[in-house]
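Engineer: quick one: sequence plus predicted model below, questions after.
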Amino acid sequence: MLVSILIPCFNADPWVDAAIESALNQSWPDTEVVVLDDGSTDNSMAVIRRYGSRIRIHQQANGGQNASRNRLTELGRGEWLVFLDADDELAPDCVEQKMALAEQAEMIYGTMEVACFAGKKKTRFSTRLAVDHDDAIAAAFAWKYPNTTAMAFRKSAILEAGGWDATVKNCTDYALLFPLLRLGKRFRAAPASRSLYRQWSSGQAVYQDPLRKMRTRFSLMRRAAEGFARAGLMTARRKAAYERAAFEVLRSIARHNLSEAVGLHAEWLHGNQGFFPSTDSRTYQAIYRLAGFAATERLAAGWRQLQVSGGTRAFVDPESGLPYD
């Protein structure tokens, strides 16, 4: 069974060689490696060309992550596709461990190491162990899945879902995961399949425009929830997971633009009547009940400012931004 390891690259010349090497060194016997340069302006193409016929090389004008993934989906000849970002790496048996579950799923995700780098030096890291979720949709609303490099997709499932949404600039993987789940595609965890997610540049999407990221996340969840509801898939558990996650994103938006968050919250409540925040802070809940979202967030912002200045650092609940009960 052929697995295509697909590497989109944009200005990743410090790392693209490590990504390619990790793809070529897979223990799974039937793989191809396809590298697509997405209009890089650094030395990436010179590095990529060193591999010659060992890989398939393509270029395009800069189109972004999901435009690159759509083109790579077309180029990949395998039944299964692994999208390896050019600054990430796969453990040698990463693909093999996933393919052991190939008959049981349409998307398989592995364990992910998240590592921060200053230059070539790893400064800190954490490991996110892949676990199966008894409700994959509720887990998606809670943002429980790893990044794209840690995943493998059955190509036919991506095509059935309509491919990668090229209009999305953040949370690009969830723009595909939600449609796959709506179609009933099976997700499985392969804990022994390991990959490295490298954070190293302010140009990476993870570091770009936090307000845009939160807007995108809120929009994706809201659209997904509406789609699941129309399909009769929105159980009470999934609705609770969605509401909790969406409300926390609204609170994150409020930290950057309170008036925007207040407007979104008011509109959102029309479709979520009876909502009440499930935060552990009874103080937040009491103020929300009496004064509403805007007033509660103004108070929370004030308490956070005091926390920064050191005035109430030990007494503020980091989740609600208000004093502990």
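Structural biologist: Nice, thanks for sending it over. Predicted model, so just to flag it, every value in this text is computed and none were measured.
Engineer: how's this structure carved up into domains?
Structural biologist: 3-207, 211-315 (automatic domain parsing).
Engineer: would you map the helices across the stretch 1-150 of the chain?
Structural biologist: Secondary structure of the stretch 1-150 of the chain by DSSP state H, counting those that start in this stretch: the helices cover 16-24, 44-49, 65-75, 94-99, 136-141.
Engineer: what comes up buried for the first one?
Structural biologist: By 16 or more other CB atoms under 10 Å, the buried positions in helix 16-24 come out as 16, 17, 18, 19, 20, 22, 23. C-betas here are computed from N, CA, C, even on glycine.
Engineer: looks like residue 154 contacts residue 79 (just checking).
Structural biologist: Yes - contact criterion CB atoms under 8 Å: residue 154 and residue 79 qualify, at 6.7 Å.
Engineer: with neighbour numbers in mind, choose between the two.
Structural biologist: Between residue 154 and residue 79, residue 154 has the larger neighbour count (other CB atoms under 10 Å), namely 20 against 15.
Engineer: against residue 254, how distant is the more buried one?
Structural biologist: With distances taken as CB to CB, to the nearest Å, residue 154 is found 39 Å from residue 254.
Engineer: test my guess that residue 225 contacts residue 241.
Structural biologist: No - applying CB under 8 Å, one finds residue 225 not in contact with residue 241, separated by 9.7 Å.
Engineer: what's the overlap in contacts for those two?
Structural biologist: Residues touching both residue 225 and residue 241 (CB atoms under 8 Å, 6 or more residues apart in numbering) are residue 141.
Engineer: which of those two has more neighbours?
Structural biologist: Neighbour tally, residue 225 and residue 241, criterion other CB under 10 Å: the higher count belongs to residue 225, 24 against 21.
Engineer: would you mark the buried spots in the host helix or strand of that one?
Structural biologist: Here residue 225 sits within helix 210-230, counting by DSSP states H and E. Across helix 210-230, burial judged by 16+ other CB under 10 Å covers 213, 214, 215, 216, 217, 218, 220, 221, 222, 224, 225, 228.
Engineer: hmm, back to that, let me have the buried residues of helix 16-24 in a markdown table, extended by distance to residue 289 and pLDDT.
Structural biologist: Below are the buried residues of helix 16-24 laid out as a markdown table (distance: CB to CB, whole Å; pLDDT from 0 to 100):
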| residue | distance to residue 289 | pLDDT |
| --- | --- | --- |
| 16 | 53 | 97 |
| 17 | 57 | 97 |
| 18 | 53 | 97 |
| 19 | 51 | 98 |
| 20 | 56 | 98 |
| 22 | 52 | 98 |
| 23 | 54 | 98 |
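Engineer: identify, from the residues you listed, the entry nearest to residue 37.
Structural biologist: Set against residue 37, the nearest of these by CB to CB is residue 16 (8.9 Å).
Engineer: wouldn't the closest one be in contact with residue 9 here?
Structural biologist: Yes - using CB under 8 Å, residue 16 is in contact with residue 9, at 5.3 Å.
Engineer: list the residues that are in contact with both of those two.
Structural biologist: Joint contacts of residue 16 and residue 9 (CB under 8 Å, 6+ apart) are 35, 44, 48, 86.
Engineer: can you count the residues close to the first one?
Structural biologist: Burial of residue 35, expressed as a neighbour count using other CB under 10 Å, amounts to 28.
Engineer: run a quick neighbour tally on the spatially closest residue to it that is not a sequence neighbour.
Structural biologist: Distance criterion CB to CB, 6 or more residues apart in numbering; nearest residue to residue 35, sequence neighbours excluded, is residue 7 at 4.5 Å. Using other CB under 10 Å, residue 7 has 27 other residues around it.
Engineer: do residue 167 as well
Structural biologist: Residue 167: 10 neighbours (other CB under 10 Å).
Engineer: now do the one 10 residues further on
Structural biologist: Close neighbours of residue 177, defined as other CB under 10 Å, add up to 25.
Engineer: quick check: it touching residue 144?
Structural biologist: No - using CB under 8 Å, residue 177 is not in contact with residue 144; the gap is 10.3 Å.
Engineer: can you pull out the strands in the stretch 101-250 of the chain?
Structural biologist: Per DSSP state E, counting those that start in this stretch, the stretch 101-250 of the chain carries strands over the ranges 107-118, 121-128, 151-154, 187-199.
Engineer: point out the most buried one among the ones you listed.
Structural biologist: strand 151-154 (a mean of 25; mean count of other CB atoms under 10 Å).
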